[in-house]
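> show me how the following folds:
(chains A and B)
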Protein chains: 2
Amino acid sequence: MRLSEVDTPALLVDGEALEQNIATMAAALPGDRLRPHVKAHKCTSLARRQSAAGHAGFTCATIRECEGMAAAGLGQDLLLANEVLDARRLGGLTAAGSRITVAVDSAETIDAAADGGVREVVIDVNVGLPRCGCAPEDAGRTADLARRRGLEVRGVMGYEGHVVGLIDAAERTDRCRAAMELLLTAHADVGGELISAGGTGTYAINTWANEIQAGSYALMDTAYGRLGLPFRQAAFVLASVISASPSWAVGNAGLKAFGMDHGNPALADDGSVLFCSDEHVTVTPPRPVGDQLWLVPAHIDPTMAYHERLYVFAGDTVVDIWPIDLRGW
Amino acid sequence: MRLSEVDTPALLVDGEALEQNIATMAAALPGDRLRPHVKAHKCTSLARRQSAAGHAGFTCATIRECEGMAAAGLGQDLLLANEVLDARRLGGLTAAGSRITVAVDSAETIDAAADGGVREVVIDVNVGLPRCGCAPEDAGRTADLARRRGLEVRGVMGYEGHVVGLIDAAERTDRCRAAMELLLTAHADVGGELISAGGTGTYAINTWANEIQAGSYALMDTAYGRLGLPFRQAAFVLASVISASPSWAVGNAGLKAFGMDHGNPALADDGSVLFCSDEHVTVTPPRPVGDQLWLVPAHIDPTMAYHERLYVFAGDTVVDIWPIDLRGW
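Numbers count the residues shown, from 1 in each chain, chains lettered A, B, ... in the order given. Below is the predicted model:
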């Protein structure tokens, strides 16, 4: 199939850029130094490429992601880097032979893990982002509680999400260090082999964690594109110009084809996006009806969650179609 | 099933509020005066409630929405209020007995409709929103072109999308009138029985169009909630507090559970949303782990597109589960 034959809107992935991004990351963080986060692509076929590059363990954000990875035969070592109040579906995966580790940060989430049949946990530590994780000084007590409930504590995690997107590299490094000092303090009290943290924005500077949970590096977006990282834009939304005026053109991809929390997508070539509606993007300068628009998502993760499949392309040819099979909860 | 047993995040719909919204609208715009827009809910079970309230015709934004409505037996009179470059799937629906009308605004989209086997069109007219639609002065020529291609021209449509969300009711009325004067000028040149326009924000003031394409009124969101309309908030995203600190709490619904182009969702009760991450919402004041958070979407349409199903509730009981079956393209 040619790209010109793909029904629009469509999520396209440049196969060569994807492979190059995966290879670049695997060279920097080989094997277990990277635990790729599947929330950024929600696609087991893509995860299989990351596995082939040497990464056996994966990070998930939802139970559905764990279930889908296990069903795809990628359940050797799945870390659900999120708290859950009902772990029975995870316990089912554990009983069926997957290795599942879940984040805990409270008595309630420890109880949920133990009651649900999960056997392994990490202590989630707040390292500065106002989100999940216990205070660093509570990590040791939390680990003790987990062990008393019969859980194996594999270590700590602490996501420096307030740091990964900082444009200034020196500030990113300084604040990453400060965050990881908190995590290492907690780890001293908790023990275990895992010190899990990081993302695409800190993969090269976070030398304190012993595994990095990066995900966006594989496909990229305009937000991470501003950081000067050695990863190429691999994901695009293809739209067709369905209407044109003397001052603008309208493509058939809109709010339901893009995660919008980081703002509008960008045109891959010259031109500006004026605004998005549910199923439209208005751009300038105008282009003729029938032209293709290549749009770069501002935030890849919530963009993927809107699409049923992605089209891997080389040149102007579709070489593969992969279901985005880890959506939902 | 009790609401407390629903896996979170979950999209909830207050059945009583929904029925009241549908009844309020059907009283204001009975029968064919309303052509409900399914893009706002993407749910054929909900569309069936609108049909039961007397509205036989529906508005769609995508070919998939037309296909799903036809498959659900709701294809008596579907208006695809959008341009397409390949109408063969629509032609297939026409051949199978559905009545399909598609918007056209150019020679290319007229050719696509005729070549694809669609028999009826409306002329889409730009009434001030920089999006689709021909200039009002070109509408007559466009209709002539369509008729020469053998298409039946049912009339005009022109969406005043730049007006429907204006907070000031007087300004909304004035600008709606100005937009509709353009549409009526075009209609004088085009002819046909349909003058289709409007949305939830202008349903009561747009007396120039003879059918209104409102959709959001059924479920509502915080944006339309500010306009003082007689519709109640019926849609909520239910989250569970999975982590709590002395200063905030974290619910398990995030960027992938809400359309974010209008900003953060709001808490249905007191409290503030600080920010959303992919699978998290951080709120203040803090609440205990295990509590439920009821969140009101800022924009209902792209919120629905993230969810596989909705839970209709009465009191604390789930009374129905409806698939959100019109997603994708």
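
> give me the nearest residue to A:R88, chain neighbours excluded.
A:G116 (4.5 Å; Cβ to Cβ, 6 or more residues apart in numbering or on different chains). For every residue, glycine as well, the C-beta is placed using N, CA and C.

> now swap in A:H187 and tell me
A:V156 (4.7 Å).

> with A:A103 instead?
A:D124 (4.0 Å).

> and that neighbour, how many neighbours?
By other Cβ atoms under 10 Å in any protein chain shown, the residues close to A:D124 number 28.

> the stretch of helix or strand it belongs to packs against which elements?
Assigned by DSSP states H and E, A:D124 belongs to strand A:120-124. In terms of contacts (3 or more Cβ pairs under 8 Å, 6 or more residues apart in numbering or on different chains; DSSP states H and E), strand A:120-124 is packed against strand A:100-104, helix A:139-148, strand A:152-157.

> returning to what we had before: how near is the residue nearest to A:R88 to A:E137?
Counting by Cβ to Cβ, to the nearest Å, the gap from A:G116 to A:E137 is 27 Å.

> buried residues in stretch A:184-200?
A:184-187, A:189-190, A:192, A:194-200 (16 or more other Cβ atoms under 10 Å in any protein chain shown).

> those strands in the stretch 201-329 of chain A, which residues are they?
Here the stretch 201-329 of chain A has its strands, by DSSP state E, counting those that start in this stretch, at A:211-212, A:235-244, A:249-251, A:266-267, A:272-277, A:280-284, A:292-296, A:309-314, A:317-323.

> list the helices and strands the longest one packs on?
Read it as strand A:235-244. When contacts are defined as 3+ Cβ pairs under 8 Å, 6+ apart, strand A:235-244 sits against strand A:10-14, strand A:249-251, strand A:292-296, helix A:300-304.

> so is the last one next to chain B?
The one in question is helix A:300-304. Yes - for helix A:300-304, a contact with chain B is found by Cβ under 8 Å from any Cβ of the partner chain, at A:D301, A:P302.

> name the residues that touch that helix?
By Cβ atoms under 8 Å, 6 or more residues apart in numbering or on different chains, the residues outside helix A:300-304 that reach it are A:11, A:39-43, A:215-216, A:219-221, A:224, A:235, A:237, A:257-261, A:297, A:310, A:324, A:327, B:255-256, B:260, B:278.

> who touches the residue nearest the centre of chain A in this structure?
By Cα atoms, centre = their mean, chain A has its centre lying nearest to A:A40, at 2.5 Å. Going by Cβ under 8 Å, 6+ apart, A:A40 touches A:G215, A:S216, A:A218, A:L219, A:I300, A:D301, A:M304.

> kindly recompute the last result at 6 Å.
By Cβ atoms under 6 Å, 6 or more residues apart in numbering or on different chains, the residues touching A:A40 are A:G215, A:S216, A:I300, A:D301.

> how far away is the first one from chain B?
Here the distance between A:G215 and chain B works out to 10 Å (Cβ to the nearest Cβ, to the nearest Å).

> number of nearby residues for that residue?
By other Cβ under 10 Å, neighbour count at A:G215 equals 26.

> before we move on, what about the last one?
A count of nearby residues for A:D301, using other Cβ under 10 Å, gives 25.

> what's the separation between it and B:L255?
For A:D301, the distance to B:L255 - Cβ to Cβ - is 7 Å.

> need the overlap of contacts for these two.
Counting by Cβ under 6 Å, 6+ apart, the shared contacts of A:D301 and B:L255 are B:D278.

> find me the pLDDT at the residue lying closest to A:G263 once chain neighbours are set aside, would you?
Sequence neighbours aside, A:A298 is the residue nearest to A:G263 in space, at 5.1 Å (criterion: Cβ to Cβ, 6+ apart). Per-residue pLDDT puts A:A298 at 98.

> show me what contacts A:A298?
Listed by Cβ under 6 Å, 6+ apart, the contact set of A:A298 reads A:D221, A:T222, A:H262, A:G263, A:P265.
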